[in-house]
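Chemist: sequence and predicted structure are below.
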Amino acid sequence: MAEMDTSSGGGHKKGPGVKKSKKLSTRVDLTPMVDLGFLLITFFVFTTTMSQSTAMNMNEPKDDSTQQLKVKNSGAMTILLGKANQVYYYYGQLEADKLSEQFKSTNFKEIRNLIVEKKKKTNIDDLMYIIKSDKESTFKNAIDILDEMSICDVPPGHYAEVDMTATEQLLIRKTEEANGVQ
């Protein structure tokens, strides 16, 4: 509350015999203002809704060996994730005599074009992307490739994450050694 302080004196006239009048000053008490501030902060904290987290829906296959999907070589594209943001790919199944022609390297900037190109060339019923992550690959790379599938509008069930074979790991190691990937 505001109060008037009448303790100090002073006047506007000077000279002998002039009575001095008291000088009035005001002092504002800010305690209620602090209370009001805390009430407002409390009100906004309790009435504010936090942003809801968003997550990508994943359709995971069931572990039923009787319902395994057979994939045609012509419709399959295998994407291998290596270390240092390296991406390797091949179409169909690896053949020992054509490894140098089949096994190719790319990066995350160009993989989208390859995914879209494969999708355009292949009948949707035969289309399958097989995603395999190396031990040295990062979790971010796995999420990035799943995002690419979503961006390229690949229907669920036409891509799957599976374990890498020993041959594929060896190919990645040899390619990384030849290219000097650390």
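Modeler: Received it, and whenever you're ready, just let me know what you need.

Chemist: contacts only, for Pro155.
Modeler: Ile124 (CB atoms under 8 Å, 6 or more residues apart in numbering). C-beta: built from backbone N, CA, C; applies to glycine.

Chemist: what pLDDT does it get?
Modeler: Reading off the confidence values, Pro155 has pLDDT 87.

Chemist: what's the helix or strand for it?
Modeler: Under DSSP states H and E, no helix or strand contains Pro155.

Chemist: list phi and psi for it.
Modeler: With angles defined as degrees, to the nearest 10, Pro155 sits at phi -70, psi 150.

Chemist: do the same with Ala160
Modeler: The phi/psi pair for Ala160 (degrees, to the nearest 10) is phi -150, psi 150.

Chemist: Arg27 too?
Modeler: Dihedral angles (degrees, to the nearest 10) for Arg27: phi -140, psi 130.

Chemist: hmm, who's touching stretch 77-90?
Modeler: Contact partners of stretch 77-90, identified using CB under 8 Å, 6+ apart, comprise 91, 102-108, 111, 114-115, 118, 128-134, 136-138, 141-142, 145, 164, 168, 171-172, 175-176, 181-182.
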